[in-house]
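# 3D, please:
(chains A, B, C, D and E, ligands or ions: 5)
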Amino acid sequence: MLKIIVQKELSVYFRNLNNIFLPLIFFFLIISIFPLVLGPEKKLFDKIIPGIIWITTILTTILTSNNFFKDDFNNGIIEIYLTSDSSIELILFLKIISSWFFTCLPIIVFIPLVSVLFNISFDSALVILATLIIGTPVLISIGIFGSALTMGLSKNNILIPVIVVPFYIPVLIFSASAIEAVSIGLSYEMQIYILLALLLLTLPIMPYLLKYTLRLSINN
Amino acid sequence: MLKIIVQKELSVYFRNLNNIFLPLIFFFLIISIFPLVLGPEKKLFDKIIPGIIWITTILTTILTSNNFFKDDFNNGIIEIYLTSDSSIELILFLKIISSWFFTCLPIIVFIPLVSVLFNISFDSALVILATLIIGTPVLISIGIFGSALTMGLSKNNILIPVIVVPFYIPVLIFSASAIEAVSIGLSYEMQIYILLALLLLTLPIMPYLLKYTLRLSINN
Amino acid sequence: MEISVNSASCYKNDNLIFRDINLTLKNSDIALISGSNGSGKTTLIKSICGIQALESGNVSINDVDIENKNSTYIENIIYVGHKNSLNNDLTVYENLEYLSALDLSINSNNKLKIEEAMNYFNIYKYKDYPVKNLSEGNKKKTSLARLVMTKKKIWVLDEPLSFLDDKSTDIFINLMIKNQKNKGITILSSHIDLSKNIENIKHLRM
Amino acid sequence: MEISVNSASCYKNDNLIFRDINLTLKNSDIALISGSNGSGKTTLIKSICGIQALESGNVSINDVDIENKNSTYIENIIYVGHKNSLNNDLTVYENLEYLSALDLSINSNNKLKIEEAMNYFNIYKYKDYPVKNLSEGNKKKTSLARLVMTKKKIWVLDEPLSFLDDKSTDIFINLMIKNQKNKGITILSSHIDLSKNIENIKHLRM
Amino acid sequence: MNISKIANLKFFYTKTEKIISFLSILTLFLFIAGIYWGLFVAPEDYLQGNSYRIMYIHVPAAWLSLQTYIFMAIAGFIALVWKIKIMEIASVQSASIGAFFTIIALVTGMIWGKPTWGTYWVWDARLTSELILLFLYIGVIVLYASFSDKRQAVKITSLLAIIGLVNIPIIHYSVEWWNTLHQGPTVTKFDKPSAHISMLLPLLYMFLVFNLYFITVIMKRIRLGIYMRERNSKWMKEYTND
Ligand code: HEM
Ligand SMILES: Nc1ncnc2c1ncn2[C@@H]1O[C@H](COP(=O)(O)OP(=O)(O)OP(=O)(O)O)[C@@H](O)[C@H]1O
Ligand SMILES: Nc1ncnc2c1ncn2[C@@H]1O[C@H](COP(=O)(O)OP(=O)(O)OP(=O)(O)O)[C@@H](O)[C@H]1O
Ligand SMILES: [Mg+2]
Ligand SMILES: [Mg+2]
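Ligands and ions are numbered 1, 2, ... in the order given. As a prediction, this is how the structure comes out:
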C-alpha cells in the first residue's frame, strides 16, 4: 500500500520531469532579481547573499505550500482521506515529504554550485546547506498546516502567508544566526541543534495536527 | 451594466473588509523578516530598504496574480465570459484594476508612513512612490496574463512566477535605477518616462491579449 | 432565426470525438442530444457555442458562420454549461445580478427580472445565501435562472436536468416550452428522454 | 451488521438542516434517501460517514457510536460523494490504484481487481486517460468503480446516478443488487425512484 | 441542541449586563485615578526626567498583551476539547483586545524610545518579539474574518491560537538569542528605571487596572458575540423585546 501511495504522490509531480527544475529556475530567477533591485554593488551583495538565499527559499516554500489542499478539497479527495481506513497520518506525512522533495531538495542540491557562483566560503556554504536541509521541512510543514486551516476559502493567496510566516521566525532566526556565527568564526553547533530540535518537534506531530485540522476544516 | 460589474468585482474582495488590510499586513510582515534574516544592523538595512520595499511589492503581486483565473475557470465563469455579448475586454480590464486596487494601492498609500519609520529621505520616498504607482499595474497585468496562460493546469504555483518574472525585469530595472539616481542626486525623469511608457503600452493592450489567451486556454 | 451545424468534425488531442454532424434548427425547435457517456455531447454543445474549435465544418446562425466577424451569434446564444458558472462567495442574488450584467439582452433595470427568476425556480428564500452554502440542486437552479431573465433566443444547455428534483424538472421543462412558444430554439443534452414531456422534439443521437 | 441513525439533528451556521432522523438498516437493506433540493440529503449522508458533525443524536454501527474510538466504522463504510474524488492529473488506472491503496479491505495484489472494476463499468479503454480528459459520466463511473473493488459492507453514496447514461445506470443498479446479495448495506440518495428496479428498498423522505 | 450549553450562553447574556456597566464605571474611575497617580504624584526619575511616566501605560499594556494571548489560547483549547460555546466566543473575542494591548505597548514603547534611544525603533529582541506577537494576533483576527460561517471560524482560530501559544516561548527565546549574537548598533539594552517603591506602586496599580479593563471588555465582547450568534434564537428575541 505504502509503495503505491508514495508512487502516486510522486507521480503527480513526476508527470512532468520539468517540475523538478521549476523550483530551481524560480530560485535562480529570484536571486538574480536582487542585484537588479538593490544595485550592482558587489560588496553589499556578497555580504547579504546568504540571507538572500534564505529569503528566496522562504518564498519557494510559501508558494509551494499555498493552497496545498485546494485541489484535493475541490475534488473531494479530502473526504476520502477522512473516511479511509488506512493511515491518513502516513499519507499526510508522505505529502509533506514529497512536496519538500520536489521543491526544496532541488535547491539544496544546487547550493554548492550557487556558493561557487557567489563566492561563498566553504564553511559558510556548509552551514547554509545544513540550515536549509534541517529548516525547510519545518517551513513546508508549517505552510501546509496553514493551507489546511484555510482549505475551504477562496481568495486566500495572501491570507495563508500572513498566518504562516510568523511561525517561520524561529527557523529563520536560528538559521541566520548560525550563518552569521560561522562568518565571524564563532561556533554554530548550538543553533544547528536547536534547528534539529525544531524539526524533531514539528515533523512527527504535524501529520496528526494536519489530520485534526482537515477534520475541523471540512466540517463546514 | 458597468456599475454592477465593478460592484461585483469589488464585492468579492469587499465581502471582507479585512481584505484591504491583508496585503498591507503581508507587506509589513515580509519587510520585518529581512532584518531577521540579514541581521539587525541598522546601517545595512537603511541602505537596502528601498530595494526591500520593491522586492516585497513584487512578492505581493506574484501572490495576488497567481492562479488568478483558477476559480473562475473551475466554476465555468470563463466560459460565460467567452459567450457573453457584453464587452469582456472591459470586464478583464476591471478585474486587473480591482485586483490592483486591493493589493497594491493599500501598500502605496502606506509608503509615506513606511518612509518615516525607516528614515527614508523625502526625495527617495517620492520616487519610490512614483515608481510603485506606475510600475505595479504593469506587474499585476503581467502576472494575470501568466495565470491566463496556465489556467487549465494544476500544481502551477511556481510555474506562473517562472514564466512571468522575466517580464517584470524592465519595470524593476527602471524603478531601481530611478531610486538609485535620486539617492545620488541625479535626475530620474528619464526612468519615470520609460516606466510610464511601459504602463501605457501594457494596460491598453492587456485586455485584448487576455481575452485571446483565455480563448486559447479554454479550448484544450 | 436558424442555427445549423454543417458537417462538423472535432478532434481532441488527435482523437476523433465526432464526425460529420449535421443539424438544422428553426424557430421553436427543441433538439435533444443524447448518447452514451463519452460520445461527445458536451463537446458538440461547446462547439455550437464557439468555445470548442472544430476540425472541419462549421456552425452558422442565419447562414453566417459564427467565426465570422459579422456574426450575431454572441447576441443570440446563451450557454448554460455543466459547471454552474457561479461565484461561490457571492450570494444567489449577486450572482444573478452579475450574470445579468453580462447579458445585454436583459434590460438595465433588472432588479425585478432577478426576483422573477428566483421566484420562478423557488430559490427566493436562498437570495442572500452565498452560493457555496447551497445544495447541488439549488446551485443548478441558480445557474438555470439566467434563462428566465434572458431575451436571447438560442439556448444551448448541457445536462440542465442534473441534480434537479422532480418538481424543478417540471418547472424547467415548462420554461423550455415557453421558449418554444416564443419561437426560441433550444439545444440540450440529457440522458432523460424528454419526448414524453415536450412535443416535436428533435432527437440527435451521437 | 447493523447501522442506525438515532434521532439525529443537524445545524449549519445556526440553521436547522434536519431534525430527529431515525433509520436502522440491517444486512441486505438498501435505503433510498429522497427529497426535494436543499432538503438535507447530502448533509445526512455526510453525517452517516462522520464527515459532518451532528448537533445531537448519533450514528452507530453494531450499537457502537461511530465517534467512539473502538468503533469499526472506518473499516466498514465506503463513501462515494458527489464530488468525484479523483485526481485530474492522474490516469484512470492510477486513480483507481491510489483509491484502492486507501482501502485496506482490498487485497494488496489489486492489479486484477482494478482491471475488473474498469471492465465492469466499461471504462477500460480510458485506462490511460488522465481523468481531466474524461467526460462527466466517465468520471462518475471511475469514482463508482471503487465499489467493485472494495470488500466493505456499508456503502454510502450521494447521487451516484448523476451523469450516468441508461446502460451505466443498469450496470450500477446490478452492482447494488450484488451488494444486497452479499449481505451488504447500501444507503444512497437520488431523485430517481429505484423501487421499480430493486426489491425491498427502504424509502426515507426528507 | 444541548440544553445546558444554550442555557450557559443565555445565563451569561442575561446576568452580566449590570455587572458590566458597573465594571465599566469602576474601571474608568480607577484608570483616571491611576493616571493622576502616575503623572502627578509619582516622583520624577533622576535619569529620564518625566518621560519615564509613559511606563505606566507601556508596561501594563505589554504585560497584558502576553497575558491575553495565553487567555485566548486556553479558552480556545477548552472550546475545542470540551466544546464549550462560551469559550469559543471568549477565545476569538480576546484576539482584538490582545492586538489592542500590543499596539499600545508598541506605540508607547516607540514614543518612549525616541528620547531614550534616539530612535523610534531598533531590532531589539523584546521589540521584535512584541511585533511578532502583533502578527500572531492579526493572523487570528484575519482568519476569523475570512470565514462566513462564524462557528466554523472559531474552531479554526482556536486551533491557530493554541499552536501559536506553543510557539510563543520558541519565538521569544529565538529572538533573544538572535539579538545577543549580533550586537545592535544602538543602545539596545533597556534602562531599568530605578525601582523605587514610589514608582513601582503606581505601576502595580496600573497593572491591576489594566486587568480590570481586560475583564470588562472581554465580558462586553462575549455578550456581543453571544448576541451575534443567538440573535435569531427564541430566548434572545424574547429577552431583547422585554
Ligand atoms: C517599540 C518599543 C518597545 C516595545 C515593543 C516594548 C515592549 C515591551 C514588552 C513586551 C515588555 C514586557 C516584557 C515582559 O514582561 O517580559 C516591556 C516591558 C518594559 N519596557 Fe518596553 N518596549 C519598548 C520600548 C521601551 C522603552 C523605550 C523603554 C524605556 C527605556 C521600555 C521600558 C520597559 C520597562 C521598564 C518594562 C518593564 C520591565 C520588565 O518587565 O522587565 N520599553 N516592553
Ligand atoms: N453553511 C451553511 N449555512 C446554512 N445553510 C447551509 C449551509 N450549507 C448548506 N446549507 C443548507 O443546507 C441545506 C441542505 O443541503 P444539502 O446539500 O444537504 O441538500 P440536498 O438534500 O443534498 O439537496 P440536493 O438535492 O440539491 O443535492 C440546503 O438548503 C443548504 O442551503
Ligand atoms: N483532451 C482530450 N483528449 C482526448 N480525448 C478527450 C479529451 N477531452 C475529452 N476527450 C474525450 O472526448 C469524448 C467526448 O467527451 P464529452 O465530454 O463530449 O462526452 P459527453 O457525451 O458529454 O459524455 P457525458 O455523457 O459523460 O457527459 C470523451 O470520450 C472524452 O474522453
Ligand atoms: Mg457531457
Ligand atoms: Mg445533495
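# CA only for contacts and neighbour counts going forward, please
Noted.
# going on from the helix or strand of chain A with the lowest mean pLDDT, what's the next piece of helix or strand?
Lowest mean confidence among the helices and strands of chain A (mean pLDDT, DSSP states H and E): helix A:2-14, at a mean of 73. Per DSSP states H and E, the first helix or strand lying C-terminal to helix A:2-14 is helix A:18-38.
# tell me which parts of chain C are close to chain B?
C:12, C:49-53, C:74-75, C:77-79, C:81, C:83-87, C:89-90, C:94, C:97-98, C:101-104, C:108 (C-alpha under 8 Å from any C-alpha of the partner chain).
# Keep only those of those that are in strands.
If you go by DSSP state E, the residues of chain C next to chain B have C:12, C:77-79 in strands.
# picking that back up, now for the least confident helix or strand of chain A, which elements pack on it?
helix A:18-38, helix A:88-117, helix D:92-101 (3 or more C-alpha pairs under 8 Å, 6 or more residues apart in numbering or on different chains; DSSP states H and E).
# Would you mind giving these as TSV with mean neighbour count added?
Putting the helices and strands packed on helix A:2-14 into TSV (neighbours: other C-alpha atoms under 10 Å in any protein chain shown) gives the following:
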stretch	mean neighbour count
helix A:18-38	19
helix A:88-117	19
helix D:92-101	24
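# Which one of those lies nearest to E:Gly98?
Among the helices and strands packed on helix A:2-14, the nearest to E:Gly98 by C-alpha to C-alpha is helix A:88-117 (32.9 Å).
# name the helices or strands packed onto the closest one?
helix A:2-14, helix A:18-38, helix A:42-65, helix A:122-149, helix A:189-218.
# May I have the first one exported as PDB, CA atoms only?
Read that as helix A:2-14. Taking C-alpha atoms only, helix A:2-14 is exported to PDB below (Å, rounded to 0.1, in the frame of the first residue of the first chain):
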ATOM      1  CA  LEU A   2       2.700   2.400   1.100                       C
ATOM      2  CA  LYS A   3       4.500   1.900  -2.200                       C
ATOM      3  CA  ILE A   4       1.500   2.900  -4.300                       C
ATOM      4  CA  ILE A   5       0.800   5.900  -2.200                       C
ATOM      5  CA  VAL A   6       4.400   7.100  -2.400                       C
ATOM      6  CA  GLN A   7       4.400   6.400  -6.100                       C
ATOM      7  CA  LYS A   8       1.200   8.400  -6.700                       C
ATOM      8  CA  GLU A   9       2.200  11.300  -4.600                       C
ATOM      9  CA  LEU A  10       5.400  11.500  -6.600                       C
ATOM     10  CA  SER A  11       3.900  10.800  -9.900                       C
ATOM     11  CA  VAL A  12       1.700  13.900  -9.700                       C
ATOM     12  CA  TYR A  13       4.900  15.800  -9.800                       C
ATOM     13  CA  PHE A  14       6.900  13.500 -12.000                       C
END
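# Compute the distance from the centre of that helix to the centre of its chain.
19 Å (C-alpha atoms, centre = their mean, to the nearest Å).
# For that helix, give me every contacting residue.
Outside helix A:2-14, the residues that touch it by C-alpha atoms under 8 Å, 6 or more residues apart in numbering or on different chains are A:19-20, A:91, A:94-95, A:98, A:102, D:89-90, D:94, D:97-98, D:101.
# any idea which of the residues you listed is closest to ligand 1?
Using C-alpha to the nearest ligand atom, A:Lys95 is the member of the contacts of helix A:2-14 that sits closest to ligand 1, with 38.0 Å.
# how close does the closest residue to the closest one other than its chain neighbours get to C:Asp166?
Nearest residue to A:Lys95 in three dimensions, chain neighbours excluded: A:Glu9, at 6.6 Å (C-alpha to C-alpha, 6 or more residues apart in numbering or on different chains). Distance from A:Glu9 to C:Asp166, counting by C-alpha to C-alpha, to the nearest Å: 42 Å.
# can you state the direction angle for the helix or strand hosting C:Thr142 and helix C:92-101?
C:Thr142 is part of helix C:136-144 when elements are defined by DSSP H and E. Here the directions of helix C:136-144 and helix C:92-101 differ by 30 degrees (axes from the mean of the first three to the mean of the last three C-alpha atoms, to 10 degrees).
# Could you check the pLDDT of the residue of chain E found nearest ligand 2?
Closest approach between chain E and ligand 2, counting by C-alpha to the nearest ligand atom: E:Asp149, at 6.1 Å. You'll see E:Asp149 listed with a pLDDT of 83.
# go on, C:Val131?
With respect to pLDDT, C:Val131 has a value of 94.
# Give me the neighbour count for E:Thr116.
Neighbour count for E:Thr116, taken as other C-alpha atoms under 10 Å in any protein chain shown: 17.
# try the one 5 residues further on
The number of residues packed around E:Trp121, counting by other C-alpha under 10 Å, is 19.
# so it sits right up against E:Ile111, yeah?
No: using C-alpha atoms under 8 Å as the test, E:Trp121 is too far from E:Ile111 to be in contact (9.4 Å).
# where in chain E is pLDDT low?
E:1-7, E:45-49, E:180-195 (pLDDT under 70).
# While we're on the closest residue to C:Lys83 other than its chain neighbours, how confident is the model there?
Nearest non-adjacent residue to C:Lys83, counting by C-alpha to C-alpha, 6+ apart: B:Gly76, 5.3 Å away. At B:Gly76, the pLDDT value in this model is 93.
# phi, psi of the residue in chain A that chain C sits nearest to?
Taking C-alpha to the nearest C-alpha, chain C has its nearest neighbour within chain A at A:Ser154, 7.8 Å off. The phi/psi pair for A:Ser154 (degrees, to the nearest 10) reads phi -110, psi 170.
# Is C:Asn122 located within a strand, as I assumed?
No: C:Asn122: not assigned to a strand; according to DSSP: H, G, I helix; E, B strand; the rest coil it is coil.
# Give me the neighbour count for it.
15.
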